[in-house]
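*Asks:* output the structure for:
(2 chains)
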Amino acid sequence: MNSRIVFFALVAGLFTLGIFQTVQRHFAFDIPWLPGETRTIWNIDAKVDFNAMGESVLASLTTPKAQAGYTQISQNAASPGYGLSFLNENTAPQAQWAIREATGKQTLYYNIQVLADNKSKDQKYTEMPALFDKEYDAASLAAGTEIIRDAYKTSADAFSLTRELLKVLNAETPNQNISLILNSEITKTDLLIALLNEAKIPTKKVGALHLEDGRRRQHLQPIVEVFQEKDGVITSQLFNANNTAAVNRNNLLLWDQSGKALLELVGGENSKVSFSMIKQEQPALAAILQKTEDNQLFNFSIHSLPVEDQSLFKGILMIPLGVLIVVIMRVLIGLKTSGTFMPVLIAMAFIQTSLVTGLVGFILLVAVGLFIRSYLSHLNLLLVSRISTVIIMVILLIAMFGVLSYKLGLTEGLKITFFPMIILSWTIERMSVLWEEEGAKDVITQGGGSLAVAVLAYFAMSNEVTRHLMFNFIGLQFVVMAFVLLLGSYTGYRLLELRRFKPLADKD
Amino acid sequence: MFFCNPFKLKQKGIMGMNQRNSGYIGRYNPRKLYPLVDNKLKTKIIARDANVTTPALLGVISMQAEVQGVEEFIKDTPGFVIKPAKGSGGKGILVITKIENGRYFKPNGSEESLSEIKRHVTDILAGLFSLGGSADVAVVEGLIQFDNAFDGFSFEGVPDVRVIVFKGFPVMAMMRLSTAASDGKANLHQGAVGVGIDIGTGKALHAVQFDLPVHHHPDTNKELKKLEVPKWERLIYLAASCYEMSGMGYLGTDMVLDRDLGPMLLELNARPGLAIQTANGQGILPRLKLIESLGDDHGMSVEERINFCQKHFSQ
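*Replies:* The predicted model follows:
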């Protein structure tokens, strides 16, 4: 009895392990349950134009850093003659081009692909941005102080203060103080930053890109990020100085979070940065694979193999399902097949040939093979050479059918070459012996049984969903194994035995 | 209904294939002893050592070069059987019942030429009939002169008695009668008639063909109820002693009755089929369970075991 407990513990362990690994992979790596799910990828180009002044040029373009809603998949840059490097400064990543000497109009391209990704989160701030000192003329300073004092009264914290300031800035009939300051050459964004700075609230100017499919020559939209520290936790909110509504982060990519400049250019003038973008729908799996290319844990999987080997494994990982079908058919149903796992091999050939072509081809080959084999049995040959003869015969038949169907314009017929020839030869030999000894009836039952199991295995192994699941969730192999083990300990009746022993059960 | 209720089968104690495989064959038949049973030549040798009668051994052909010499073994006999030592399910057994002027005839009267016989031996040596296709040897045995007691009960082939011996206890027996449908072979699934035999008396209990009850032999029309195995005590004794000889816990023994030599062991089977239950019209499980309940240290001799079975399983 003890060994039974160990056995069931083993089965349960395998099952749980498999399910756990599968669920874990789904949630941790976002691998979809079903094939055909798609994810949005934004393909964004930044174009930098400037005039070089005939000396060495160093251009640094701030690029997006990890943020909520988006994950960077890849980046690259095109710029003939320039040396390129991607820098990862602590404030924001940069793409940096450099050249010894350049003159005239220069164009640099930077391309980034980002995946719309709900799992991605904003990075936490560890310290507040510094406040800055600036001198203002007396009138502006007085007006600004007035505005801040009014807003301060009707607010509780940095964010509500900002909202109050925005109300004043964007009022339909601006009050005197605002009119006074805005008259100067200053944008509302810069004004908001200056006001908040005067109120000792740290801020950062962020360049945001509004993502819309097929847009060209876009520019970054200035947005103000307002910081607040409470109980040692730094929080921040985004505000658009031109309206009072909260910033909607849908389709908004925060491109420049450096707090400095989008482009730093040495040795050039009249620089201009413009953006264009397209939206792509990619199969979810491909998108996720790109996202996690560097992830070590994920790489411990079939996906880390070269593509050619992956497709090999795609076939191999399906075999357990075919084997499971065979076990079910033999242990639970009691179907007789010729050769235990021959149906799986036939099913794999069917996957290559497609079902109908495969079935027709298989039956044709075995039938013609049996016919010729019946002549061979008169020749009194040694078994090995007889089977070898059958193998050569099968190859010739396959070649003949291939050519014949090609001439008839049935290119489908060429797929017949996918059949495993040795297996076919053994099948013919076994069937032939079976025919001589037990008669045609047994040949039909066993051959039919094998084909029925092969067709079932084919359906299980060629199904899009099962292929997707078995390939992407290695854990399911353990689940299949648990089932096979469990079936191995089944001692109940087979379905066909219920038929066989029916007269016995009905007796008396 | 096409299928019957599995609980009804269970209640009647009928054993299914899965249970046979894991509960009895897997548990009671040690793997290392299989060659003794699967190889008919080895079975013959251990049977001889244990004083269990077997058909006369005319010769063994183990190499292709010896095939030409097959005539030496067979030419002066009234009839012979060539079988693969490692054959399964009765495959590859060639029976010649009549030899006239160098012409060989099968039980159904068709002629088999010497070259066809040699081809058959060649096939056996190449492993065509052996499990897994491994190389094999051909065993040539003397033809069994079957007992007149079975006249009219069998069509062409030799009727044999299958006794299931469980841990040395002969638990169930049946007689297999070949028919025209089974082409002289004694395999029930090919159409031979199976007759359940009472362990105590050797008399017929119940008969089936193709799993359905029959009362008369389909070819000779003889009433199957009248069938009675002569020298039953000796036969059951030989069957039961196969346990000590082979060491197999769950064993099928195939016995035949020779007119002159009496009951003899034809072959052993480590994976006896389930058809014996249909032939007896009863499940085998209650009997197996009773034997299992005795435990391993009952200390009974062969005779005591037979008495136990005759007392409990006779009807």
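*Asks:* which element is residue 200 on?
*Replies:* No chain specified, so I'll use chain A. Under the criterion DSSP states H and E, no helix or strand holds A:Lys200.
*Asks:* what distance do you get for the closest residue to it other than its chain neighbours to A:Leu169?
*Replies:* Once flanking residues are discounted, A:Lys200 sits nearest to A:Leu131: 6.5 Å by C-beta to C-beta, 6 or more residues apart in numbering or on different chains. No exception for glycine: its C-beta is placed from N, CA and C like everyone else's. Distance from A:Leu131 to A:Leu169, counting by C-beta to C-beta, to the nearest Å: 20 Å.
*Asks:* more neighbours: the two, which one.
*Replies:* Legend: neighbour count by other C-beta atoms under 10 Å in any protein chain shown for A:Leu131 and A:Leu169, higher for A:Leu169 (22 against 14).
*Asks:* look up the closest residue to that one, ignoring the ones flanking it.
*Replies:* A:Lys188 (5.5 Å).
*Asks:* in chain B, what residue is nearest chain A?
*Replies:* B:Ala126 (3.1 Å; C-beta to the nearest C-beta).
*Asks:* all helices of the stretch 251-400 of chain A, in order?
*Replies:* A:284-291, A:296-299, A:307-316, A:319-327, A:342-353, A:355-376, A:383-407 (DSSP state H, counting those that start in this stretch).
*Asks:* which of the ones you listed is buried the deepest?
*Replies:* Ranked by mean neighbour count, the helices of the stretch 251-400 of chain A are led by helix A:342-353 with a mean of 23 (mean count of other C-beta atoms under 10 Å in any protein chain shown).
*Asks:* mean confidence for that helix?
*Replies:* Taken as a whole, helix A:342-353 has a mean pLDDT of 85.
*Asks:* and the contacts of it?
*Replies:* Helix A:342-353 is contacted from outside by A:315, A:318-319, A:322-323, A:325-326, A:337, A:358-359, A:361-362, A:415-416, A:418-420, A:423, A:426-427, A:450-451, A:453-455, A:457-458, A:461-462, using C-beta atoms under 8 Å, 6 or more residues apart in numbering or on different chains.
*Asks:* A strand includes A:Lys65, no?
*Replies:* No - according to DSSP: H, G, I helix; E, B strand; the rest coil, A:Lys65 belongs to no strand; its state is coil.
*Asks:* please tell me I have it right and it contacts A:Gln123.
*Replies:* Yes - contact status for A:Lys65 versus A:Gln123: in contact at 7.1 Å, counting by C-beta atoms under 8 Å.
*Asks:* so between these two, which is more surrounded?
*Replies:* A:Lys65 (20 against 11).
*Asks:* pLDDT score for that one?
*Replies:* 84.
*Asks:* what of the one 5 residues further on?
*Replies:* On the pLDDT scale, A:Tyr70 is placed at 86.
*Asks:* state the distance from B:Tyr104 to B:Gly69.
*Replies:* According to C-beta to C-beta, B:Tyr104 stands 16 Å off from B:Gly69.
*Asks:* comparing those two, which shows the higher neighbour count?
*Replies:* A direct count of neighbours by other C-beta under 10 Å for B:Tyr104 and B:Gly69 places B:Tyr104 higher, at 21 against 13.
*Asks:* can you tell me how far the residue of chain A found nearest chain B is from B:Phe129?
*Replies:* Scanning chain A for proximity to chain B using C-beta to the nearest C-beta identifies A:Leu383 as nearest, at 3.1 Å. Distance of A:Leu383 to B:Phe129, given as C-beta to C-beta: 10 Å.
*Asks:* check B:Gly13 too.
*Replies:* 35 Å.
*Asks:* give me the more crowded residue out of these two.
*Replies:* Between B:Gly13 and B:Phe129, B:Phe129 has the larger neighbour count (other C-beta under 10 Å), namely 25 against 15.
*Asks:* tally of neighbours for the closest residue to that one other than its chain neighbours?
*Replies:* Counting by C-beta to C-beta, 6+ apart, the nearest residue to B:Phe129 once its immediate chain neighbours are dropped is B:Gly92, at 3.1 Å. Number of residues near B:Gly92 (other C-beta under 10 Å) recorded here: 23.
*Asks:* and B:Gly92, which of the three is it?
*Replies:* Under three-state DSSP, B:Gly92 comes out as coil.
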